[in-house]
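Asks: This is a predicted model, with the sequence first.
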Amino acid sequence: DWTMAAFRDEMIAKIREQVGDGRVICGLSGGVDSAVAAVLIHEAIGDQLTCVFVDTGLMRMNEGKEVVELFRNSYNIPLIHVEAEEMFLSELNGVSDPEKKRKIIGRLFVEIFEKEAGKVDNAKFLAQGTLYPDVIESVSATGGPSVTIKSHHNVGGLPERMGLDLVEPLRELFKDEVRALGRELGLPDAFVSRHPFPGPGLAIRIPGEITKEGADLLRKADKIYLDAIREEGLYNEIWQAFAVLLPVRTVGVMGDARTYDQVLGLRAVTSTDGMTADTYPFTHDFLSRVSTKIINNCVGIGRVVYDITSKPPGTIEWE
Ligand code: XMP
């Protein structure tokens, strides 16, 4: 009779056996998977675990702060917090090609992570929140071009370079099981049910060049959209919902003046693993309310559109 509690205990035993008295480094992304992996490993080996959180400045509103508070204050897990927004924005300055953005972010992330991880004495292991679908995807990646449409960034190559063995306690789990395990471990529900968020973050939700102003504007609009979804009680029915700040200006009217502001795209999809997806059927009334709220509160956005493309042929993200 398989239960999540039994799985947790079994994993804790396995982690202890694998790690012995070695030290483990775990990269936190701000997402559910790495957080669940970290808390599970911390239950197994306590302060032999050090977490490293590289804040790219490309996360959603307040999410970086929430991760730090959760790990430092609630769990007391040793945490190295690197505030790297300026570094990421300056390296991304003037870059608009989606794959170039991913490469820059991936490279910089690994550089920063490696430097910080190098400060942890006697580190022997690197922990990752790899899930079962990630395992399958990287196996099938050798088979054809279908999964190389977008290069997902991870810490590829880093374990070998640093001479670290991998600890991947979530390798057998699907997303919903990771969430159940997170609840079993006492992680707050709001955290556990967070929508997946891509490593390159808002950089791939701002087609074209990224600026600090653009990222701030997108964060503000995205929060209004997600708050409305939560208030409507729809958050957990949706796999991912987010806003995209388009590099397109359109004409509008405000009072008796002409405006010339940017377009914001809204996306919401249902899915079980991110491989295929359907658009979420919001009511027109809901979408109009969100649109009005965003335009009234976000100076610089003059028009809101809803993306009704399924995957395939569209991808979930716009880049
Ligand atoms: P797409 O846009 O390919 O996204 O339909 C499928 C899932 O993957 C996420 N995604 C990424 N995650 N690095 C990541 O870590 C990336 O470069 C990346 N691109 C897309 C996307 O948010 C969705 O959950």
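Replies: Structure's in. What do you need? This is a predicted model, so every value here is computed, not measured.
Asks: What about M61, how many residues nearby?
Replies: 17 (other Cβ atoms under 10 Å). From N, CA and C alone the C-beta is placed, and that goes for glycine too.
Asks: That one and I224 touch, don't they?
Replies: No. Using Cβ atoms under 8 Å, M61 is not in contact with I224, being 9.7 Å away.
Asks: Quick check: closest non-adjacent residue to F53.
Replies: L28 (4.2 Å; Cβ to Cβ, 6 or more residues apart in numbering).
Asks: Tell me, how many residues neighbour the nearest residue to T56 once chain neighbours are set aside?
Replies: Leaving aside its chain neighbours, T56 sits nearest to F88 (4.7 Å; criterion: Cβ to Cβ, 6+ apart). Counted with other Cβ under 10 Å, residues neighbouring F88 total 24.
Asks: Give me the distance between F88 and G106.
Replies: 11 Å (Cβ to Cβ, to the nearest Å).
Asks: hang on, the earlier thing: which residues touch the residue nearest to F53?
Replies: S34, A35, A38, C51, V52, F53, V67, F71, L79 (Cβ atoms under 8 Å, 6 or more residues apart in numbering).
Asks: can you count the residues close to the closest residue to P312 other than its chain neighbours?
Replies: Distance criterion Cβ to Cβ, 6+ apart; nearest residue to P312, sequence neighbours excluded, is T276 at 7.0 Å. Residues near T276, counting by other Cβ under 10 Å, number 13.
Asks: Can you give the domain ranges for this protein?
Replies: For the chain, the domain assignment from automatic domain parsing gives the residue ranges 4-192, 211-306.
Asks: mean pLDDT lowest for which of the ones you listed?
Replies: Note on these: lowest mean pLDDT is at domain 4-192, with a mean of 89.
Asks: Quick one: end-to-end distance for that one.
Replies: 15 Å (Cα to Cα, to the nearest Å).
Asks: and it, how far from the chain's centre?
Replies: Offset of domain 4-192 from its chain centre (Cα atoms, centre = their mean, to the nearest Å): 10 Å.
Asks: what does stretch 204-219 give?
Replies: Taking mean C-alpha positions (Cα atoms, centre = their mean), stretch 204-219 and its chain are 16 Å apart.
Asks: Distance of the closest residue to R258 other than its chain neighbours relative to L266?
Replies: Leaving aside its sequence neighbours, R258 sits nearest to V251 (Cβ to Cβ, 6+ apart; 6.3 Å). Going from V251 to L266 by Cβ to Cβ gives 20 Å.
Asks: just K311 next, same as before
Replies: Taking Cβ to Cβ, one finds K311 at 16 Å from L266.
Asks: out of these two, which sits in the busier spot?
Replies: The residue with more neighbours, out of K311 and L266, is L266; 22 against 16, by other Cβ under 10 Å.
Asks: OK, contacts around the nearest residue to that one once chain neighbours are set aside?
Replies: Spatial nearest neighbour of L266, excluding adjacent residues (Cβ to Cβ, 6+ apart): Y306 at 5.0 Å. Going by Cβ under 8 Å, 6+ apart, Y306 touches G265, L266, F282, L287.
Asks: just P78 next, same as before
Replies: P78 touches D47, L49, T50, C51, counting by Cβ under 8 Å, 6+ apart.
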